[in-house]
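Q: pasted the sequence and its predicted model underneath.
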Amino acid sequence: MSPNTQEGIVDRELRSPSYLQNGTTIRSWLLTTDHKRIGILYAMSITFFFFLGGIAATLIRLELISPTGLFLTNDEYNRAFTLHGIVMVWFFLVPSIPTTLGNFLLPMMIGAKDVAFPRLNLMSWYLFIAGGLLTVLALIAGGVDTGWTFYTPFSTLYSNSHVLLAAMGVFVVGFSSIATGVNFIATVHLLRAKGMTWMRLPLFGWAMYTTSLVMVLATPVLAMSLLLVVAERAFGLPIFDPRSGGDPLLFQHLFWFYSHPAVYIMVLPAFGVVSEIITCEARRRIFGYQFMVYAMVVIAVIGFMVWGHHMFVSGQSAFASLVFSFLSFVIAVPSAIKVFNWTGTLYRGQIRFSAPMLYALGFIGLFTIGGLTGLFLASIPIDVDLTDTYFVVAHFHYIMVGGSVSAFFGGLHFWWPKITGRMYSERLAQFAAISMFFGFNFTFFPQFIMGWMGMPRRYHLYAPEFQPWHVMSSMGAVVLAFGYAWPVFYLGWSLFKGQRAPDNPWDATGLEWQTRSPPPKENFDRTPVVTDGPYKYHPQDSTPHEVEQAQAPQVP
């Protein structure tokens with residue numbers, strides 16, 4: 001550690017306490033309105049749900065080792081994969097980056113002291129916990145067997161499981177997402193620092209902004225859909241039952257009108273995280289900043305127009321299927337632009353293969369595979385053949401899990417010194433990133449092959465010729481589980497024994513790196529003023545020069 005770094009740490013300790021030291025009681029955390037602490041509360045909550053969903057995934061992979069099943073009945077297997085899907089989608093993937101890294105970093109990135117509505121921010125966490133408790137109660141009471149999509153008429157007429165509790169849990173969590181989205185939109189519009197114009201907004205800020213728009217506009221449709229399911233199941237209202245004049249396809253249209261934009265609620269934040277990491281670790285400004293911004297906006301807009309490509313075999317009109325197929329190919333263009341621009345940023349860059357960079361590169365590879373296989377499913381004749389096979393399962397996981405979770409872990413490692421004020425073991429983190437990448441591919445790439453061969457999803461009894469691929473997939477899941485669990489140990493160790501982090505260990509640009517590690521309650525000792533565009537590096541020594549900020553007075 002250099003003398004300047006040591007002096008910075010001493011000076012930091014003599015100034016105002018950090019957000020972690022500003023009240024240490026449980027009450028101070030549960031009633032906090034500090035966006036940073038709320039981000040930590042969300043992080044602890046989604047970690048619980050991540051491991052709960054992981055337990056269900058473990059049961060699934062163990063059961064599928066044998067073509068005749070090992071220990072689960074048909075009904076128990078249905079409940080296991082429903083538990084995995086509901087928990088992972090609604091309680092981890094959707095809220096993962098926005099509620100944790102977004103809550104913690106967005107105000108600092110734009111030079112604000114907090115989000116626009118701090119109390120609404122705290123309320124959103126309580127809504128999340130309330131929805132989670134309802135869903136966990138449904139699982140404890142016996143589980144749900146409808147799949148995470150709650151398709152009618154099974155969810156309304158035939159299921160004997162606790163659909164109402166689970167649906168109400170997801171319904172409540174939807175209001176948590178809406179509150180978070182409203183807060184982020186208002187924060188970006190109203191609280192940007194002096195000089196922080198729209199075209200100086202970091203790409204992570206743009207990602208949070210576009211994601212929030214999708215949250216606010218799409219989530220009410222999901223809430224309405226689930227409320228209609230509850231109304232028909234509880235009160236017998238003829239909404240989806242065709243015997244009473246209802247339309248079962250109506251639910252699919254409503255559900256996918258939300259759930260396809262929800263894909264981008266999961267992926268757009270990952271775009272922002274990866275853009276920040278690659279720019280820093282390649283020591284170059286982002287290639288084509290404006291194109292990256294426009295690509296995110298276009299993805300958010302067109303994402304509302306392609307829900308029907310999930311319904312090619314549902315009975316919708318052939319003309320509608322053609323339109324949805326065309327738009328599905330169109331939305332691939334801005335996604336490809338982002339991959340191209342990340343590659344252009346890496347070209348001739350001074351690349352450091354740190355742990356965050358390995359996670360970011362893993363994201364690009366997995367997201368590219370997931371996106372290209374999505375084009376297969378956007379083609380009507382191919383989709384008709386592959387619908388409800390393991391090809392769809394693999395494609396979904398490459399985008400949602402391989403992509404979004406890799407970005408989440410990359411962002412967690414990248415901003416860990418800022419969040420905690422501690423450094424972690426770089427070698428252990430690199431090993432975890434590599435384990436996650438190879439474990440994921442060994443788990444899910446065989447599922448592309450099984451799907452192409454005709455293996456249907458949601459079955460735990462299958463033809464013996466698929467067994468080698470299932471065994472390979474389950475073996476890969478062991479490596480993947482290690483890659484997910486290992487960071488808990490070395491990051492936990494760093495909280496107590498890790499080296500004290502300097503304010504800017506990565507020599508990164510951006511306002512969040514101009515404050516202390518960990519930051520004070522008000523984020524900055526002096527109000528920052530932005531004087532240059534994003535991601536600027538000095539051509540010789542890569543010294544950031546984005547921000548002019550008054551220095552804190554020296555303490556004698």
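A: Here it is on my side, so go on. Computed from a predicted model, the values in this text were never measured in an experiment.

Q: got a list of contacts for stretch 18-26?
A: 28-29, 32, 34, 36-37, 420-421, 516, 518-521 (C-beta atoms under 8 Å, 6 or more residues apart in numbering). (Glycine included, C-beta is placed from N, CA and C.)

Q: for stretch 430-438, that is, sorry about that
A: For stretch 430-438, contacts defined as C-beta under 8 Å, 6+ apart pick out 353-355, 358-359, 362, 365-366, 405-406, 409-410, 413, 476, 479-480, 482-484, 486-487, 490.

Q: which residues does D34 contact?
A: By C-beta under 8 Å, 6+ apart, the contact set of D34 is Y19, N22, D114, P118, K521.

Q: so which of those belong to strands?
A: Judged by DSSP state E, strands contain none of these.

Q: and for stretch 309-322, what's in contact with it?
A: Residues from elsewhere that reach stretch 309-322 (C-beta under 8 Å, 6+ apart): 249, 252-253, 256, 259-260, 308, 324-325, 327-328, 377-378, 380, 383-384, 387.

Q: so which of these sit within strands?
A: Using DSSP E, none of the contacts of stretch 309-322 sit in strands.

Q: are any of the residues you listed buried, and which?
A: 252-253, 256, 259-260, 308, 324-325, 327-328, 377-378, 380, 383, 387 (16 or more other C-beta atoms under 10 Å).

Q: among these, which one lies nearest to G132?
A: Within the buried ones among the contacts of stretch 309-322, the smallest distance to G132 is 19.3 Å, found for S259 (C-beta to C-beta).

Q: distance check, that closest one against M44.
A: Look at S259 and M44: by C-beta to C-beta, to the nearest Å, they are 27 Å apart.

Q: so who does F128 touch?
A: By C-beta under 8 Å, 6+ apart, F128 lies in contact with Y42, S45, F91, P95, T99, V173, S176.

Q: let's see that with 6 Å instead.
A: Neighbouring residues of F128 by C-beta atoms under 6 Å, 6 or more residues apart in numbering: V173, S176.

Q: quick check: which element contains it?
A: F128 belongs to helix 118-140 when assigned by DSSP states H and E.

Q: and that helix, what's buried?
A: 118, 121-125, 127-132, 134-136, 138-139.

Q: show me where this structure has strands.
A: Using DSSP E, strands in the chain cover 529-530, 547-548.

Q: what's the burial count for the nearest residue to R233 once chain neighbours are set aside?
A: In this structure, R233 finds its nearest non-sequential neighbour in T156, 4.8 Å apart by C-beta to C-beta, 6 or more residues apart in numbering. Residues lying near T156 (other C-beta atoms under 10 Å) number 26.

Q: show me what contacts T156?
A: T156 touches V229, E232, R233, F240, counting by C-beta under 6 Å, 6+ apart.

Q: run the last query once more with 7 Å
A: Contacts of T156 were listed using C-beta atoms under 7 Å, 6 or more residues apart in numbering, and they are V229, E232, R233, F240, D241.

Q: repeat that for R457.
A: Residues in contact with R457 (C-beta under 7 Å, 6+ apart) are D388, T389, Y390, V392, V393.

Q: let's go with 8 Å and repeat that
A: If you count contacts by C-beta under 8 Å, 6+ apart, R457 has them with D388, T389, Y390, V392, V393, G451.

Q: for PyMOL, write the select line for the buried members of those.
A: Buried residues within the contacts of R457, by 16+ other C-beta under 10 Å, are selected in PyMOL with:
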select buried, resi 389+390+392+393+451
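
Q: tell me which of the contacts of R457 is nearest to V216?
A: Ranked by distance to V216 (C-beta to C-beta), those are led by V392 at 28.6 Å.

Q: wait, F445 sits on A394?
A: Yes. When contacts are counted by C-beta atoms under 8 Å, F445 is listed as touching A394 (7.0 Å).

Q: so which of those two has more stuff around it?
A: Neighbours were counted for F445 and for A394 using other C-beta under 10 Å; A394 has more, 26 against 16.

Q: the more buried one and G439, how far apart?
A: Distance from A394 to G439, by C-beta to C-beta: 14 Å.

Q: among the contacts of R457, which are in helices?
A: In this view, these that belong to helices under DSSP state H are Y390, V392, V393, G451.

Q: for the last one, which non-adjacent residue is spatially closest?
A: For G451, ignoring the flanking residues on the chain, the nearest one in space by C-beta to C-beta, 6+ apart is F391 at 2.7 Å.

Q: so that neighbour touches P446, yeah?
A: No. Contact criterion C-beta under 8 Å: F391 and P446 do not qualify, at 11.2 Å.

Q: more crowded one of those two?
A: F391 (26 against 23).

Q: in contact with that one, which residues?
A: Here F391 is in contact with T373, F376, L377, Q447, F448, M450, G451, W452 (C-beta under 8 Å, 6+ apart).

Q: ok, 7 Å please
A: The contact partners of F391, by C-beta under 7 Å, 6+ apart, come to F448, G451, W452.

Q: quick one: which of those residues is nearest to S494?
A: The closest of those, once distances to S494 are taken by C-beta to C-beta, is F448, at 36.8 Å.

Q: who's in contact with the closest residue to F71 other than its chain neighbours?
A: Leaving aside its chain neighbours, F71 sits nearest to E63 (6.8 Å; criterion: C-beta to C-beta, 6+ apart). E63 sits next to G69, L70, F71, L72, Y77, H460 when contact means C-beta under 7 Å, 6+ apart.

Q: tell me how many other residues surround the closest residue in space to V163 that isn't next to it in sequence.
A: Leaving aside its sequence neighbours, V163 sits nearest to S155 (C-beta to C-beta, 6+ apart; 5.1 Å). Around S155 there are 26 other residues, counting by other C-beta under 10 Å.

Q: nearest to T509 among the buried ones among the contacts of stretch 309-322?
A: When the buried ones among the contacts of stretch 309-322 are ranked by distance to T509 (C-beta to C-beta), H260 comes first, at 34.3 Å.

Q: I'd guessed the closest one sits against G303; true?
A: Yes. Assessed by C-beta atoms under 7 Å, H260 is found in contact with G303 at 6.3 Å.

Q: buried set for stretch 415-432?
A: Quick answer for stretch 415-432 (16+ other C-beta under 10 Å): 415-425, 428-432.

Q: pLDDT wise, what is A332 at?
A: Note for A332: predicted pLDDT of 92.

Q: count the neighbours of it for me.
A: 17.

Q: equivalent analysis for the one 3 residues further on, please.
A: Other residues near S335 come to 22 when the count uses other C-beta under 10 Å.

Q: repeat for the one 10 residues further on
A: T345 is flanked by 24 other residues according to other C-beta under 10 Å.

Q: before we move on, what about V478?
A: 14.

Q: and the nearest residue to it once chain neighbours are set aside, how many neighbours?
A: Ranked by C-beta to C-beta, 6+ apart and with sequence neighbours excluded, the top spatial neighbour of V478 is G439, at 7.5 Å. Counted by other C-beta under 10 Å, the residues lying close to G439 total 20.

Q: quick check, pLDDT for G439.
A: 95.

Q: please apply the same query to G533.
A: Per-residue pLDDT puts G533 at 64.

Q: how close does G174 get to L327?
A: Separation of G174 from L327 (C-beta to C-beta): 25 Å.

Q: and what of L120?
A: To L327, L120 is 34 Å away according to C-beta to C-beta.

Q: same question, T68
A: Distance from T68 to L327, by C-beta to C-beta: 43 Å.

Q: look up how far A332 lies from the closest residue to S379 other than its chain neighbours.
A: Spatial nearest neighbour of S379, chain neighbours left out: S325 (6.7 Å); criterion: C-beta to C-beta, 6+ apart. Going from S325 to A332 by C-beta to C-beta gives 12 Å.

Q: again with F304
A: Distance of F304 to A332, computed by C-beta to C-beta: 16 Å.
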